[in-house]
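Student: structure here, sequence nowhere to be found:
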């Protein structure tokens, strides 16, 4: 249905039918939730073998007693394994606790307050500090900037990643821009994979930006493909090495959506200089990470192939859920002017763009019949989607039956909101 | 031996004998270490049951799936158990990751940068910020202040805790003093337990200090007695409640020296207002702590009695080590003017005060024969012991045989250094 081409009569007929359907949802007293990108119980079950896997063998390969204090940057075998997830050398790795968000917060906070190259390089010394935020993006990245008083400048995304002409122009013209947030593979929420050209141009940013500029490369979904033919991501660190810009990139990852969301491992890959800086300040906050849990993870996977096989089991559970979402969108909105959406090959989200000005209304409509969707604006800095159109759908956690019901409601809410807007009601 | 009363001849004879003994140590090519307050392997063995204890049962009492995201302040049963360690209500608890140092750093950093009662109350807005540091104290507390540019003011300790006349006078006269570091039971390094009167006067500080003042109460050794008759600590939170100063106290603890030093739980007990403030900012850095490890700990101890029984096993391993240190000190320095020391009833350290000006020399002498001692000055802000006399001895980690050898060397080094100083050599 193209509502821009429909007659008033057609619209009224549609509206009546949709309001009828909507009333039916209300009567059903639903309680559904499509908000959070968290693994389902079945996904978590895949890693139940973690607890107890050590059978009392708490020593690392080099003889370190993982139970005791120490080892600020994690155990060697965890560095060796997870460096393959991030595409860096084991010597460029730091293995932390259970949250990559913590590593990202610390990286930004340390650079802001203490300076990546000594106290004089602290971003805070330059007064105003800004970050580029490709949109739509991840609300918790934006939260870090807001917490530290760093101004966020949205930049557009297309199917290849951030629009690099815009990024380069801004970085060149404004030296107070100190960083950019990127989720390069299966981007949150659009699911796109940055093209090779975009990755190469990001690796070159260090040449046009100042020495204290940092690319915050959150490769959260590095190994989270839904199928084997999903697009690959170019290796940022190798490209940075070629361009001599290693210090400008900091790469993050975790097993939060590989093993246990709350009890996994977070890690970081970056240049020797950045690592040295980071560890100097990290050492003021902790004596070291949970090495026992690191050892568990290494033993659980065995090697990188073991980790990739494990990810295939996640894909088996996730793919039908994504397919269900996409099928409802296809059936509801193909050949229509009601919205556009992404077809991701991995990650945790489907991003839907409604007609401008409707995201808040659609989410309110859904909420009023017991269907929780991610708040409108969450994917934009300061919660402000200037077009009020982007809605993030997160199908990993609910059951397939719940996803089907939720999407049925979603489609009706989008149509209802669109037609009401069109006829000015 | 009282060297102040010895004749030149007696001193020379002693010196010759000591130099002979010292040469013997050098020839023995020792490699001993008494620096770090970390548990021995036998202590860690006591908790080997942790890994695997869940047998696949990952649900908390309230049905929370501990494997998944969420629960910023930890699981209810961990709050209930560890609130008894800190002497606060379960509702006043937050259970974190593996490091209480992280919670302390965050508390100070959040208060400094963001303000305990809104942005206007940020310490950093007042320009100069100061902390009181009872000395000797814990170097990592001092590290947090130094990292954040908070000026440290040493205050004297006696057998009852910080000298409170001095503390109160300073807090009253200088509103830029925003906090005080305390290790109230088995203080690091002196091992003393704050008297009931001192605890009560600390609970009252909130009445004479400004509203943004915080007592950083690091009760790291709350349940770490060497014998059942060790002195008890008064309950700071109850006293603060009586005085209406709950917001002025923040209490920390951990299982780092209860289960695994690197893989335990850290926790914090404080007022509802402080918790709300802390969680608001913590939520910018993490989605939540490792709840699976929290569940492991609760299951491992069962209840508070189970935890206390577990601590008795630690005492059995630690007491002979402390006794060995004390016996060497007694045999070497009783009836002498060569030094004084504490006789702790718990904790991890024995604190020795040499004759003024000798700590660095003694530590150098020991180091030159292969015996590592905690660096001189480590127990003072900025690493500066104004009298250069305090040496922290940490007997938990080495074997009894190594402690005996180390202390043999230590006694000779103290005597050697003292006599050389006396005769001006």
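Tutor: Arrived safely, thanks for sending. Since we're looking at a predicted model, the values are computed, not measured.

Student: could you list the domains of chain A?
Tutor: A:8-43+A:308-422, A:57-302 (automatic domain parsing).

Student: correct me if wrong: residue A:80 contacts residue A:89.
Tutor: No: contact criterion CB atoms under 8 Å: residue A:80 and residue A:89 do not qualify, at 9.7 Å. Where you see a C-beta, it was placed from the backbone N, CA and C, and this is true even at glycine.

Student: ok, back up a step: for residue B:230, which of the domains of chain A is the nearest?
Tutor: domain A:57-302 (24.0 Å; CB to CB).

Student: ends of that closest one, how far apart?
Tutor: 15 Å (CA to CA, to the nearest Å).

Student: tell me if that domain is near chain B.
Tutor: Yes: under the criterion of CB under 8 Å from any CB of the partner chain, domain A:57-302 makes contact with chain B via A:58, A:65-71, A:97-99, A:101-102, A:105-106, A:113-114, A:140, A:143-144, A:147, A:256, A:260-263, A:281, A:284-293, A:296.

Student: give me the buried subset of those.
Tutor: A:58, A:65-69, A:71, A:97-99, A:101-102, A:105-106, A:113-114, A:140, A:143-144, A:147, A:256, A:260-263, A:281, A:284-293, A:296 (16 or more other CB atoms under 10 Å in any protein chain shown).

Student: on the pLDDT front, check the most centrally placed residue in chain A for me.
Tutor: The C-alpha lying nearest the average C-alpha coordinate of chain A belongs to residue A:188 (CA atoms, centre = their mean; 3.9 Å). Residue A:188 carries a pLDDT value of 95.

Student: just residue A:37 next, same as before
Tutor: 89.

Student: could you check which residue of the stretch 1-150 of chain A lies nearest chain B?
Tutor: residue A:52 (2.9 Å; CB to the nearest CB).

Student: am I right that that residue is in contact with residue B:50?
Tutor: No: judged on CB under 8 Å, residue A:52 makes no contact with residue B:50 at a distance of 9.9 Å.

Student: which one of the two is surrounded by more residues?
Tutor: residue B:50 (24 against 16; other CB atoms under 10 Å in any protein chain shown).

Student: burial of residue A:123, as a residue count?
Tutor: 25.

Student: go through the residues of domain A:57-302 next to chain B and flag which are in strands.
Tutor: Applying DSSP state E to the residues of domain A:57-302 next to chain B, no entry is found in strands.

Student: wait, residue A:197 sits on residue A:162?
Tutor: No: taking CB under 8 Å as the definition, residue A:197 is not a contact partner of residue A:162, at 11.6 Å.

Student: so where's chain A shaky on pLDDT?
Tutor: Counting by pLDDT under 70, chain A shows no low-confidence range.

Student: which helix runs longest in it?
Tutor: Secondary structure of chain A read by DSSP state H shows that its longest helix is helix A:304-333.

Student: and the next element down the chain from that helix?
Tutor: strand A:339-341 (DSSP states H and E).

Student: name the helices or strands packed onto that following strand?
Tutor: In this structure, strand A:339-341 packs against helix A:304-333, strand A:350-354, with contacts taken as 3 or more CB pairs under 8 Å, 6 or more residues apart in numbering or on different chains; DSSP states H and E.

Student: partners of that strand in the sheet?
Tutor: strand A:350-354 (antiparallel) (DSSP bridges).

Student: buried sites along the strand it pairs with?
Tutor: A:350-354.

Student: quick one: it to helix A:304-333, angle?
Tutor: 20 degrees (axes from the mean of the first three to the mean of the last three CA atoms, to 10 degrees).

Student: just the angle for the helix or strand that comes right after strand A:350-354 relative to strand A:350-354, thanks.
Tutor: With elements assigned by DSSP H and E, the helix or strand that comes after strand A:350-354 is helix A:359-368. Relative orientation of helix A:359-368 versus strand A:350-354 (the same axes, to 10 degrees): 110 degrees.
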